[in-house]
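A.B. asks: below are the sequence and a predicted model for it; my questions follow.
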Amino acid sequence: DAKTTQPPSMDCAEGRAANLPCNHSTISGNEYVYWYRQIHSQGPQYIIHGLKNNETNEMASLIITEDRKSSTLILPHATLRDTAVYYCIVLSNDYKLSFGAGTTVTVRA
Amino acid sequence: NAGVTQTPKFRVLKTGQSMTLLCAQDMNHEYMYWYRQDPGMGLRLIHYSVGEGTTAKGEVPDGYNVSRLKKQNFLLGLESAAPSQTSVYFCASRTSGVREQFFGPGTRLTVL
């Protein structure tokens, strides 16, 4: 399974965009990049996923580099409620999620 | 839709006691998963099920057993609890052909 590397923490000002990087240099051609977040010990919440192309939904945007070795999750207008641990996951072919330590994002007023 | 629910929310056990955690989903999902999360760490897969009557081992299965007698329920059992099993347990489910997993609120278990 491809492993991911994320910074352990980052701060963001409320109302500004938050850009969360993730490295996955060993990703295989048919493996997807998934992002989940976990707010204060609640169950993880799905955010977005992608394979090759950039993706956008009501929560976030996902930018995947052309070589697919890294990606960036963008929260366009961070709010205090976006404070959470964000997990970047490369989904294995058997669809099993493998969580790392994630990035703790703190949004400050 | 209640989504994924877990019972109980909190539990304290003594070493050697047994208990069962219940996960229920009302979305008619085929796949169900049990994870544990230790402080400051990500979730680790304990066991999972790809359908009623089936179970399979995940990353950290030792000390746990599971059963999926009904499609909507996935039970996680601890036969003889140990302090190392103190953790928060999350259940998740998904439907076939869709990779997104839906998570329950968690069960916080303390083993003394």
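C.D. replies: Nice, I can see it.
A.B. asks: going forward, measure contacts and count neighbours with C-alpha atoms only.
C.D. replies: Fine.
A.B. asks: measure how buried A:Thr106 is and give me the count.
C.D. replies: Neighbour count for A:Thr106, taken as other CA atoms under 10 Å in any protein chain shown: 21.
A.B. asks: the one 3 residues further on now?
C.D. replies: One way to gauge burial is a neighbour count; for A:Ala109, by other CA under 10 Å, it gives 10.
A.B. asks: for it, what are its contacts?
C.D. replies: A:Ala13, A:Glu14, A:Leu80 (CA atoms under 8 Å, 6 or more residues apart in numbering or on different chains).
A.B. asks: taking these, please make a ChimeraX selection of just the buried ones.
C.D. replies: Remark: buried members of the contacts of A:Ala109, expressed as a ChimeraX selection using 16 or more other CA atoms under 10 Å in any protein chain shown:
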select /A:14
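A.B. asks: looking at the contacts of A:Ala109, which are in helices?
C.D. replies: Residues of those located in helices (DSSP state H): none.
A.B. asks: point out where chain A drops to low pLDDT.
C.D. replies: A:1-2 (pLDDT under 70).
A.B. asks: chain B contacts on that one?
C.D. replies: Residues of chain A lying near chain B by CA under 8 Å from any CA of the partner chain: A:Gln42, A:Gly43, A:Pro44, A:Gln45, A:Tyr46, A:Tyr95, A:Leu97, A:Ser98, A:Phe99, A:Gly100, A:Ala101, A:Gly102.
A.B. asks: let's see that with 7 Å instead.
C.D. replies: Within chain A, the positions near chain B by CA under 7 Å from any CA of the partner chain are A:Gln42, A:Gly43, A:Pro44, A:Gln45, A:Tyr46, A:Tyr95, A:Ser98, A:Phe99, A:Gly100, A:Ala101.
A.B. asks: which residues touch the first one?
C.D. replies: It stands for A:Gln42. B:Pro105, B:Gly106 (CA atoms under 7 Å, 6 or more residues apart in numbering or on different chains).
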